[in-house]
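Visitor: Give me coordinates for this.
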Amino acid sequence: MSGVRAVRISIESACEKQVHEVGLDGTETYLPPLSMSQNLARLAQRIDFSQGSGSEEEEAAGTEGDAQDWPGAGSSADQDDEEEVSVDWNV
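Guide: Numbering: from 1, shown residues only. The predicted structure follows:
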């Protein structure tokens, strides 16, 4: 394939720039990307703070010895996995 020329392409992330407006001629106007603090504030708005961590409920139910003091030990480890909140920082 000696006759094939190399072609340079530029790839941009889909979430890097948001389209603000598309003109009648097809031109797109983009919004500037969010700063780190604006992005953090936007992600924090997605967190439901009314949903508790369950730690108060565990204390009211009583302790099962030293097993709950260590992460991954005791029966509370299974409950912690269900309550984890994952945040997608690439949004």
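
Visitor: How about the secondary structure of Ala44?
Guide: Here Ala44 is recorded as helix under DSSP: H, G, I helix; E, B strand; the rest coil.

Visitor: do you know how far it is from Gln38?
Guide: Distance from Ala44 to Gln38, counting by CB to CB, to the nearest Å: 11 Å. Where you see a C-beta, it was placed from the backbone N, CA and C, and this is true even at glycine.

Visitor: go on, Glu21?
Guide: Separation of Glu21 from Gln38 (CB to CB): 20 Å.

Visitor: go on, Arg46?
Guide: As judged by CB to CB, Arg46 and Gln38 stand 14 Å apart.

Visitor: go on, Arg8?
Guide: Separation of Arg8 from Gln38 (CB to CB): 32 Å.

Visitor: More neighbours: the two, which one.
Guide: Gln38 (10 against 4; other CB atoms under 10 Å).

Visitor: Return the per-residue confidence for the more buried one.
Guide: pLDDT for Gln38: 90.

Visitor: where does it land in three-state SS?
Guide: helix.

Visitor: distance of it from Glu28?
Guide: Distance, Gln38 to Glu28, by CB to CB: 21 Å.

Visitor: Please apply the same query to Ser35.
Guide: Relative to Glu28, and taking CB to CB, Ser35 is found at 22 Å.

Visitor: Distance check, the nearest residue to Glu21 once chain neighbours are set aside against Arg42.
Guide: Leaving aside its chain neighbours, Glu21 sits nearest to Thr29 (4.3 Å; criterion: CB to CB, 6 or more residues apart in numbering). According to CB to CB, Thr29 stands 21 Å off from Arg42.
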